[in-house]
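Enquirer: below are the sequence and a predicted model; questions follow.
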Amino acid sequence: MIQSTSQQHLLENLTCAQHTAVTHRDGPLLVLAGPGSGKTRVITHRVAYLMATGVQGEHILALTFTNKAAAEMRSRVIGLVGAAKTTICTFHSLCARLLREFAEELSLTPNFSIFDRADSLAALREATQQSGLDPKNWPPAATCEKISRAKSKLLRPAEYQERANDFYTKQVAKIYRRYQQVLESNSALDFDDLLLRMVDALRENESIRRQLAGRYRYILIDEYQDTNQAQYVIGRVLCRDHQNICATGDPDQSIYGWRGADISNILDFERDFPQTKIVRLEQNYRSTKHILAAADRLIKANKLRRDKKLWTENPEGEKIEVVCCADGRAEAGYVAERIAEYVQGGSYNDVAIFYRVNSLSRPLEQALRSAGVPYQMVRGVAFYARKEIKDVLAYLRAIVNPNDELSLLRIINVPARKIGAKTVQALREHSRRSGATIRETLATPGIIAGLGRAAGPLKQFAVLLDELVNGPQRPVQKVLERVIRRTNLEAEYSTDRHKDGTAMDNINELISSAAQYDKDNPEGNLEDYLQQTSLVCDVDSFDPSQGAVAMMTLHAAKGLEFPVVFMVGLEDGLLPHSRAAENRSELEEERRLCFVGMTRAQRRLVMSYARYRQVRGSTNRTVASGFLAELPAESVRHCQCEVSAGTESLAKLVKTPDALLQRSSREGSNRRAGRSGFVAGLIEGSSVYHPRYGLGKIEQIGRFGKFTRAVIDFEETGPQTMMLEYADLHKPTSEM
């Protein structure tokens, strides 16, 4: 085919594999993209190429999982083809938009609220109480997780009730049913409802399905390995007529099984689409040879995967540094000092610290502050969870959605206007008895029995709400400023000090976000702005230009890259997490999580663990993560930090590999004096017992420097790789 100049320009500097993926026109396409292989480049060039070959922009739909990723894709597409009418957004944003568009046909109010996690927890607390249960015994956070998983599997309350087969799930089913009633009474949907209701619309309303299938004739789904059942169904149903679906992803980076992601969606793609064209992106442009080789060796231990031959033309680089620290404080101090040392010739922006659980961040923060190292915690949702921000947004939601009683009751006495708890209770009871909404009841508070003088403040509040509702609804910045001024929130929060400023400083930041929204969305309105703030996630707030070290969980690190990465807490029970000990699929996900963390590093990677870790005030002996033993010796350099931070300069505590290995060997012998002969005599085929994993048989055994590394196939969990000097192995007895 003769290509136009514009088409040729889009294909310049693409590898053979990237070229194949970009130019594939019609029919299903699966792009297996290794880390750092130019996945986003392929997706955006494919969008541009489709347009260059005659596809109208409005017929292209590209879906991803974070606002940050969607914004990056939109920016790149605009850079390639200029302004385009393509739809590039997250799954949740698409569903929210479409549910509002077809609200009337779906029996929804178009101005429905979107409850974030904090709102959902408040609604669940109310639902739990309405179910006759105590929220202390039925914590909303735990119930929220169960209900979210049910919705991701497309289980409605009645279906969940049918499957409930024990006391606990039966009570959760009761709460689930009540929770949905609370959402409905507030004209609200939670995050999972956005997907679930969209699935219902596509399956049950053929008119809507046909309209959308005709509108979106080419569908591109990024990070396909992270789709849950609802997202999977949305993609499949939308492309049923034309089969023009391009799924891009990597099974080796599937790390969200705990929130419903189903790795089988990408592993079984050809089963769903038999005519699939498969393209593998295997060249890595991000990491050095040592980092990539080590990560590749690690992930090959997994069974649930698609084989790829990762390679790079990048320099060999430094070996991965595996550091054994005396305890958690020593580890944090070591990391802080190494960062300060590195930044003498670099930038704080280059550095990131990853951890499996948030609890590991506390000693790291202390150490970084002591060393004078600036840092930022990548927890974007925390900003929107602040009280003052929730208060302002609640006013905006009350303006948009008069049925949002959760927001209404939040602000009814903020700032204080002499409306106490008894008055609120009387208001709610009257509303329930009369069948009127709280908003309607506010208009005539005098009819509420026994209210007396308290009716006055309620009436004034109703007048204020009417004034705000009847005022202009755009631009959003002006609406925000007007709400803050008329409600006296500015006076309320200007004196409310945090350690890093006043609450009003945060509100001013919210106003800035509204100003940016108005700039980016000239036709946008208050409803859309609220939708955007509701669907924010942690990584969306990450600002790489802050001049600070980035601190985040391994899950939040997905999609990012840094020249220098520190991964801390590489210990059995942390990474892999203790929950994965008895489940092979969860253990593989933990290995994928480690793989993701390692492949974020471009030039330098430090992986550390502590011999002792303080948990709930107690200091416990730890065991190094088995994942470390799976790394190739030729790409790893071992060293250790011998004492706790604060006792002497940590720069003097970096030992040679031999010193570490000798000490580890002595320590292993001392801890197992009564079993040293047993451990030394183990061979392939030996039966062993581990207190956590149970009975197993050694499949492979070999040297790892001066360690002995063994692959043990346990009856309950499957293969585990362990260093025998650290593994707590025992000789099986007849009782076992």
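Expert: Happy to help now that I have it.
Enquirer: for the stretch 1-150 of the chain, which segments are assigned as strands?
Expert: For the stretch 1-150 of the chain, applying DSSP state E, counting those that start in this stretch gives strands covering 29-33, 60-64, 87-90, 113-115.
Enquirer: identify each buried residue in the second one, please.
Expert: By neighbour count, and taking 16 or more other CB atoms under 10 Å as the criterion, the buried residues in strand 60-64 are 60-64. To be clear about C-beta, it is placed using only N, CA and C from the backbone, and glycine gets the same treatment.
Enquirer: got the contact list for the closest residue in space to residue 299 that isn't next to it in sequence?
Expert: Nearest-residue entry for residue 299: residue 595, 4.6 Å, with adjacent residues in sequence omitted and distances by CB to CB, 6 or more residues apart in numbering. Neighbour list for residue 595: 35, 252-253, 295, 298-299 [criterion: CB atoms under 8 Å, 6 or more residues apart in numbering].
Enquirer: what separates the residue of the chain positioned farthest from its centre from residue 426, distance-wise?
Expert: Note on the chain: the largest C-alpha distance from the chain mean falls to residue 452, namely 49.7 Å (CA atoms, centre = their mean). For residue 452, the distance to residue 426 (CB to CB, to the nearest Å) stands at 10 Å.
Enquirer: repeat that for residue 414.
Expert: 19 Å.
Enquirer: ditto for residue 215
Expert: 50 Å.
Enquirer: same thing with residue 20?
Expert: From residue 20 over to residue 426 the distance is 69 Å, taken as CB to CB.
Enquirer: cool, residue 688 as well?
Expert: Look at residue 688 and residue 426: by CB to CB, they are 68 Å apart.
Enquirer: could you do residue 417 as well?
Expert: 16 Å.
Enquirer: the more surrounded of those two?
Expert: Between residue 417 and residue 426, counted using other CB atoms under 10 Å, residue 426 has the larger neighbour count: 20 against 16.
Enquirer: what pLDDT does the more buried one get?
Expert: For residue 426, the model assigns a pLDDT of 85.
Enquirer: then residue 235?
Expert: 96.
Enquirer: check residue 535 too.
Expert: Reported pLDDT for residue 535: 77.
Enquirer: hang on, it packs against residue 66?
Expert: No - when contacts are counted by CB atoms under 8 Å, residue 535 is not listed as touching residue 66 (9.5 Å).
Enquirer: so what sits against both of the two?
Expert: Jointly contacting residue 535 and residue 66 under the rule CB under 8 Å, 6+ apart are residue 90.
Enquirer: all strands for the stretch 301-450 of the chain, in order.
Expert: Secondary structure of the stretch 301-450 of the chain (DSSP E, counting those that start in this stretch): strands at 320-327, 351-355, 375-377.
Enquirer: tell me what the second one is packed against?
Expert: On a contact count with 3 or more CB pairs under 8 Å, 6 or more residues apart in numbering; DSSP states H and E, strand 351-355 meets helix 328-343, helix 361-370, strand 549-553, strand 562-567.
Enquirer: so what's the closest residue in space to residue 106 that isn't next to it in sequence up against?
Expert: If the residues on either side of it in the chain are set aside, residue 106 comes closest to residue 201, at 5.6 Å by CB to CB, 6+ apart. Contacts for residue 201 (CB under 8 Å, 6+ apart) come out as 98-99, 102, 105-106, 208-209.
Enquirer: where does the stretch 401-550 of the chain have low pLDDT?
Expert: For the stretch 401-550 of the chain, applying pLDDT under 70 flags the ranges 495-502, 537-543.
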